[in-house]
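Peer 1: got a structure for you, letters missing:
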(Lines give C-alpha, C1' and ligand atoms only; values in the text may rest on other atoms or scores of the structure.)
Protein backbone atom coordinates (compact mmCIF):
# COMPACT_ATOMS: atom_id res chain seq x y z
CA UNK A 1 0.00 0.00 0.00
CA UNK A 2 1.01 3.63 -0.41
CA UNK A 3 0.97 6.39 2.17
CA UNK A 4 -1.68 9.05 1.62
CA UNK A 5 -1.04 11.08 4.77
CA UNK A 6 1.12 11.00 7.88
CA UNK A 7 -0.31 13.49 10.35
CA UNK A 8 1.40 14.45 13.62
CA UNK A 9 -0.98 14.67 16.59
CA UNK A 10 1.45 15.68 19.33
CA UNK A 11 2.73 13.65 22.28
CA UNK A 12 4.64 11.45 19.77
CA UNK A 13 1.31 10.30 18.29
CA UNK A 14 0.67 10.29 14.57
CA UNK A 15 -2.03 9.10 12.20
CA UNK A 16 -0.80 7.06 9.22
CA UNK A 17 -3.34 6.85 6.37
CA UNK A 18 -2.83 4.34 3.56
CA UNK A 19 -4.55 3.92 0.20
CA UNK A 20 -5.87 0.40 0.79
CA UNK A 21 -9.41 -0.80 1.29
CA UNK A 22 -10.58 -3.81 3.25
CA UNK A 23 -13.63 -5.29 4.90
CA UNK A 24 -12.39 -5.12 8.47
CA UNK A 25 -14.24 -5.57 11.77
CA UNK A 26 -13.43 -2.99 14.49
CA UNK A 27 -10.79 -4.54 16.72
CA UNK A 28 -9.11 -6.58 13.99
CA UNK A 29 -5.52 -5.67 13.13
CA UNK A 30 -3.02 -5.55 10.28
CA UNK A 31 0.71 -6.31 10.29
CA UNK A 32 2.68 -3.34 8.95
CA UNK A 33 6.37 -3.28 8.00
CA UNK A 34 8.59 -0.99 5.92
CA UNK A 35 8.66 -1.98 2.27
CA UNK A 36 12.49 -1.99 2.27
CA UNK A 37 12.43 -5.02 4.63
CA UNK A 38 14.66 -3.21 7.11
CA UNK A 39 12.45 -4.80 9.75
CA UNK A 40 11.75 -8.50 9.30
CA UNK A 41 8.80 -8.60 11.70
CA UNK A 42 5.67 -6.56 11.21
CA UNK A 43 4.01 -4.40 13.84
CA UNK A 44 0.39 -5.33 14.75
CA UNK A 45 -1.87 -2.27 14.54
CA UNK A 46 -5.62 -1.97 14.94
CA UNK A 47 -7.52 0.12 12.43
CA UNK A 48 -8.39 3.65 13.56
CA UNK A 49 -10.50 4.51 10.51
CA UNK A 50 -11.63 2.61 7.40
CA UNK A 51 -12.98 5.65 5.54
CA UNK A 52 -10.90 7.12 2.69
CA UNK A 53 -8.29 4.39 3.05
CA UNK A 54 -7.02 2.64 6.16
CA UNK A 55 -5.74 4.75 9.04
CA UNK A 56 -3.63 3.65 12.00
CA UNK A 57 -2.97 5.55 15.24
CA UNK A 58 0.70 5.05 16.19
CA UNK A 59 2.91 6.26 19.02
CA UNK A 60 6.63 6.61 18.31
CA UNK A 61 8.38 4.60 21.03
CA UNK A 62 11.36 3.02 19.26
CA UNK A 63 13.15 2.62 15.94
CA UNK A 64 10.35 0.55 14.41
CA UNK A 65 7.61 3.10 15.06
CA UNK A 66 10.00 5.96 14.26
CA UNK A 67 10.37 4.34 10.84
CA UNK A 68 6.61 4.65 10.35
CA UNK A 69 6.72 8.28 11.45
CA UNK A 70 9.31 9.07 8.78
CA UNK A 71 7.04 7.82 5.97
CA UNK A 72 5.81 10.45 3.53
CA UNK A 73 2.93 10.55 1.02
CA UNK A 74 3.74 8.28 -1.90
CA UNK A 75 6.00 5.95 0.09
CA UNK A 76 5.06 2.27 -0.01
CA UNK A 77 4.64 -0.05 2.95
CA UNK A 78 3.89 -3.77 3.32
CA UNK A 79 0.51 -4.46 4.89
CA UNK A 80 -0.93 -7.90 5.70
CA UNK A 81 -4.36 -8.66 7.14
CA UNK A 82 -6.87 -8.16 8.51
CA UNK A 83 -6.18 -10.70 11.24
CA UNK A 84 -7.87 -11.83 14.43
CA UNK A 85 -11.32 -11.47 15.90
CA UNK A 86 -12.79 -8.04 16.50
CA UNK A 87 -15.47 -6.73 18.83
CA UNK A 88 -19.02 -8.09 18.61
CA UNK A 89 -21.52 -6.04 16.55
CA UNK A 90 -23.00 -3.06 18.39
CA UNK A 91 -26.54 -4.16 19.23
CA UNK A 92 -27.15 -2.51 22.62
CA UNK A 93 -25.88 0.46 24.66
CA UNK A 94 -22.10 0.04 24.87
CA UNK A 95 -19.28 1.94 26.55
CA UNK A 96 -15.77 1.85 25.08
CA UNK A 97 -13.05 2.58 27.65
CA UNK A 98 -9.69 3.30 26.05
CA UNK A 99 -6.21 4.52 26.85
CA UNK A 100 -3.02 5.07 24.86
CA UNK A 101 -3.08 3.83 21.28
CA UNK A 102 -5.65 1.29 22.49
CA UNK A 103 -8.26 3.94 21.72
CA UNK A 104 -7.93 3.18 17.98
CA UNK A 105 -10.87 0.73 17.67
CA UNK A 106 -13.18 3.28 19.32
CA UNK A 107 -13.06 5.57 16.28
CA UNK A 108 -13.60 2.65 13.90
CA UNK A 109 -16.58 1.57 16.02
CA UNK A 110 -18.07 5.07 15.93
CA UNK A 111 -17.83 5.07 12.13
CA UNK A 112 -19.92 1.91 11.93
CA UNK A 113 -22.42 2.80 14.67
CA UNK A 114 -25.39 3.98 12.63
CA UNK A 115 -27.81 3.47 15.53
CA UNK A 116 -25.61 5.39 18.00
CA UNK A 117 -25.34 2.62 20.57
CA UNK A 118 -21.79 3.60 21.52
CA UNK A 119 -20.32 6.13 23.90
CA UNK A 120 -16.57 6.46 24.30
CA UNK A 121 -14.41 7.31 27.33
CA UNK A 122 -10.77 8.10 26.55
CA UNK A 123 -8.09 8.47 29.19
CA UNK A 124 -5.22 10.88 28.46
CA UNK A 125 -2.36 11.90 30.73
CA UNK A 126 -2.47 15.41 29.26
CA UNK A 127 -4.83 17.27 26.91
CA UNK A 128 -4.30 16.60 23.19
CA UNK A 129 -6.24 19.14 21.09
CA UNK A 130 -5.37 17.47 17.76
CA UNK A 131 -6.69 14.10 18.93
CA UNK A 132 -9.78 15.67 20.45
CA UNK A 133 -10.48 17.44 17.16
CA UNK A 134 -10.62 14.10 15.32
CA UNK A 135 -13.42 12.95 17.63
CA UNK A 136 -15.27 16.29 17.62
CA UNK A 137 -17.81 15.20 14.93
CA UNK A 138 -19.19 12.64 17.39
CA UNK A 139 -20.01 15.33 19.94
CA UNK A 140 -21.03 14.36 23.45
CA UNK A 141 -20.82 10.64 22.66
CA UNK A 142 -17.07 10.98 23.34
CA UNK A 143 -15.51 12.28 26.54
CA UNK A 144 -11.85 12.74 27.41
CA UNK A 145 -10.61 12.15 30.95
CA UNK A 146 -7.32 13.81 31.84
CA UNK A 147 -5.05 12.27 34.48
CA UNK A 148 -3.69 8.91 35.50
CA UNK A 149 -6.99 7.26 36.55
CA UNK A 150 -9.92 7.36 34.14
CA UNK A 151 -12.16 5.73 36.76
CA UNK A 152 -11.84 8.68 39.13
CA UNK A 153 -14.59 10.48 37.22
CA UNK A 154 -16.01 7.83 34.87
CA UNK A 155 -19.35 6.29 35.80
CA UNK A 156 -19.89 2.76 34.48
CA UNK A 157 -23.52 1.85 34.01
CA UNK A 158 -25.30 -1.33 32.97
CA UNK A 159 -24.16 -1.16 29.35
CA UNK A 160 -21.85 -3.61 27.60
CA UNK A 161 -18.18 -2.68 28.02
CA UNK A 162 -15.50 -2.77 25.32
CA UNK A 163 -11.98 -1.82 26.40
CA UNK A 164 -8.45 -1.58 25.00
CA UNK A 165 -5.33 0.01 26.47
CA UNK A 166 -3.03 -0.51 29.46
CA UNK A 167 -3.55 -3.84 31.21
CA UNK A 168 -4.36 -2.25 34.57
CA UNK A 169 -7.06 -0.09 33.01
CA UNK A 170 -8.64 -3.08 31.23
CA UNK A 171 -8.58 -5.20 34.38
CA UNK A 172 -10.31 -2.39 36.27
CA UNK A 173 -12.91 -2.12 33.49
CA UNK A 174 -13.67 -5.83 33.85
CA UNK A 175 -14.08 -5.39 37.60
CA UNK A 176 -16.41 -2.41 37.14
CA UNK A 177 -18.54 -4.03 34.41
CA UNK A 178 -22.05 -5.00 35.43
CA UNK A 179 -22.87 -6.84 32.21
CA UNK A 180 -20.96 -8.20 29.22
CA UNK A 181 -17.36 -7.02 28.91
CA UNK A 182 -14.85 -7.55 26.09
CA UNK A 183 -11.15 -6.71 26.16
CA UNK A 184 -8.77 -6.25 23.24
CA UNK A 185 -5.32 -7.46 24.28
CA UNK A 186 -2.13 -5.90 22.94
CA UNK A 187 0.87 -8.18 22.44
CA UNK A 188 4.12 -8.46 20.53
CA UNK A 189 3.62 -10.74 17.54
CA UNK A 190 5.88 -12.47 15.07
CA UNK A 191 3.55 -13.52 12.27
CA UNK A 192 0.02 -12.35 13.04
CA UNK A 193 -1.68 -15.58 12.02
CA UNK A 194 -0.83 -18.07 14.77
CA UNK A 195 2.19 -19.94 13.44
CA UNK A 196 4.91 -18.58 15.73
CA UNK A 197 3.05 -18.86 19.09
CA UNK A 198 4.79 -15.68 20.28
CA UNK A 199 1.65 -13.96 21.58
CA UNK A 200 -0.14 -16.51 23.72
CA UNK A 201 -2.07 -15.51 26.83
CA UNK A 202 -3.84 -17.45 29.56
CA UNK A 203 -7.60 -17.71 29.09
CA UNK A 204 -9.71 -19.97 31.31
CA UNK A 205 -6.75 -22.06 32.53
CA UNK A 206 -5.30 -22.67 29.06
CA UNK A 207 -3.29 -20.63 26.59
CA UNK A 208 -4.70 -19.02 23.46
CA UNK A 209 -3.12 -16.99 20.66
CA UNK A 210 -3.87 -13.27 20.80
CA UNK A 211 -3.52 -13.02 17.02
CA UNK A 212 -6.01 -15.79 16.18
CA UNK A 213 -8.38 -16.47 19.08
CA UNK A 214 -8.12 -12.76 19.97
CA UNK A 215 -7.20 -9.99 20.15
CA UNK A 216 -10.72 -9.52 21.54
CA UNK A 217 -11.66 -11.85 24.39
CA UNK A 218 -14.53 -12.05 26.84
CA UNK A 219 -13.05 -10.01 29.68
CA UNK A 220 -13.79 -12.30 32.61
CA UNK A 221 -12.10 -15.22 30.86
CA UNK A 222 -8.68 -13.56 30.83
CA UNK A 223 -6.20 -14.45 33.57
CA UNK A 224 -4.51 -11.13 34.36
CA UNK A 225 -1.72 -12.50 36.59
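Peer 2: Looks like it arrived, so ask away. For clarity, every value in this text was computed on a predicted model and none was experimentally measured. Numbering: from 1, shown residues only.

Peer 1: does the residue nearest to residue 41 when sequence neighbours are not counted belong to a helix or a strand, and which?
Peer 2: Sequence neighbours aside, residue 190 is the residue nearest to residue 41 in space, at 5.8 Å (criterion: CB to CB, 6 or more residues apart in numbering). Bear in mind the C-beta positions are built from the backbone N, C-alpha and C, glycine included. For residue 190, there is no host helix or strand (DSSP states H and E).

Peer 1: what's the burial count for residue 190?
Peer 2: 16 (other CB atoms under 10 Å).

Peer 1: again with the one 5 residues further on
Peer 2: Residue crowding around residue 195 was assessed by other CB under 10 Å; the count is 11.

Peer 1: how near is it to residue 93?
Peer 2: The gap separating residue 195 from residue 93 is 39 Å, by CB to CB, to the nearest Å.

Peer 1: Model confidence at the closest residue to residue 209 other than its chain neighbours, what's the number?
Peer 2: Ranked by CB to CB, 6+ apart and with sequence neighbours excluded, the top spatial neighbour of residue 209 is residue 194, at 4.9 Å. pLDDT for residue 194: 75.

Peer 1: phi, psi of residue 194?
Peer 2: Reported as degrees, to the nearest 10, the phi and psi values for residue 194 are phi 100, psi 0.

Peer 1: Just to check, it is in contact with residue 208?
Peer 2: No. Using CB atoms under 8 Å, residue 194 is not in contact with residue 208, being 9.8 Å away.
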